[in-house]
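A.B. asks: Give me a model of this one.
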Amino acid sequence: MELLPLASIIQEALDFFIKGGFFMLLLLILSVISVTVMILRGTAIRRSAVLPAVISAEIERLQPGDSLEPLQKLIKKNPSALGRIVNTVINHLSWPRAETLEAVQTRARHEVARLESGLVVLEIATGIAPLLGLLGTLSGLVGIFASIGSDPVLVARGIAEALNTTIAGLGVAVPCLITFNHFQRRIEVMSVEMESMVSDLIAKCYPQHGA
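C.D. replies: Sure, this is the predicted structure:
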């Protein structure tokens, strides 16, 4: 008994897709690409993957004059954006403080760009999906006007294409926009936290190295 509603839902979804015409196919491809990017980037920018708690705790525990070896071991065991920036600090401690800061800022820009990679796909999808829906609407309207006074079935098909592609276009664009903004905000927040942690580390390290 439970399979009948499910089969009905699947059939309705297929009918909705088929009646949307060619532009519905483009929207389907765009939605698959967008969902893939959402999953991949969502996994990549997890807090545990960007700001491992063990590295953050070690930086907080560290005192001026302490050995950096435990921190280096944690960085090797927990590859992350924070770890790579901290490693840059450690590798440049023999440099003057100003030059170390410059090297760290350069590394941080690379890491932020790495975190944001792929988000442009969601941004593009947000703009393209409604336009594809609009094209589908126009295509359906053309079919309607071409069929007026002839076959009612063709008129109904044109109406379905116009409405379905509009709905699908917005249905793809809205989740992409929400996810894009959410990911951007998450990256901004974690970037500020990384900056604070690295600044704290440099302040603790440089008295030891006589900068």
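
A.B. asks: pull the longest helix from the protein.
C.D. replies: Longest helix of the chain, by residue count under DSSP state H: helix 152-209.

A.B. asks: tell me the average confidence for it?
C.D. replies: Helix 152-209 shows a mean pLDDT of 89.

A.B. asks: Stretch 61-74 too?
C.D. replies: With pLDDT averaged residue by residue, stretch 61-74 scores 92.

A.B. asks: Any idea how far that stretch is from the middle of the chain?
C.D. replies: Taking CA atoms, centre = their mean, to the nearest Å, one finds stretch 61-74 lying 33 Å from the centre of the chain it belongs to.

A.B. asks: Quick one: end-to-end distance for it.
C.D. replies: One end of stretch 61-74 sits 13 Å from the other (CA to CA, to the nearest Å).

A.B. asks: Kindly report the same for stretch 37-55.
C.D. replies: Start-to-end span of stretch 37-55 (CA to CA) is 28 Å.

A.B. asks: which strands and helices sit next to the longest helix of the chain?
C.D. replies: Contacts defined by 3 or more CB pairs under 8 Å, 6 or more residues apart in numbering; DSSP states H and E place helix 152-209 against helix 3-19, helix 22-44, helix 47-50, helix 53-61, helix 81-91, helix 97-116, helix 119-147. Where you see a C-beta, it was placed from the backbone N, CA and C, and this is true even at glycine.

A.B. asks: Kindly compare burial across those and name the winner.
C.D. replies: Of all the helices and strands packed on helix 152-209, helix 81-91 has the most neighbours on average by mean count of other CB atoms under 10 Å, namely a mean of 20.

A.B. asks: ok and that helix relative to helix 22-44, angle-wise?
C.D. replies: If you take axes from the mean of the first three to the mean of the last three CA atoms, to 10 degrees, helix 81-91 sits at 50 degrees to helix 22-44.

A.B. asks: now the angle between helix 53-61 and helix 81-91, please.
C.D. replies: Computed by the same axes, to 10 degrees, the angle between helix 81-91 and helix 53-61 is 40 degrees.

A.B. asks: what about residue 160, how many residues close to it?
C.D. replies: Neighbourhood size, residue 160 [other CB atoms under 10 Å]: 18.

A.B. asks: Would you mind confirming that it is in contact with residue 24?
C.D. replies: No: the pair residue 160 / residue 24 is not scored as a contact, 10.3 Å apart, by CB atoms under 8 Å.

A.B. asks: can the helices and strands packed on helix 152-209 go into a markdown table with extra columns for distance to residue 172?
C.D. replies: Output for these, formatted as a markdown table (distance: least, CB to CB, whole Å):
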| stretch | distance to residue 172 |
| --- | --- |
| helix 3-19 | 13 |
| helix 22-44 | 5 |
| helix 47-50 | 27 |
| helix 53-61 | 36 |
| helix 81-91 | 30 |
| helix 97-116 | 21 |
| helix 119-147 | 4 |
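
A.B. asks: right, and these - which one's nearest residue 188?
C.D. replies: Closest of these to residue 188 is helix 97-116, at 9.0 Å (criterion: CB to CB).
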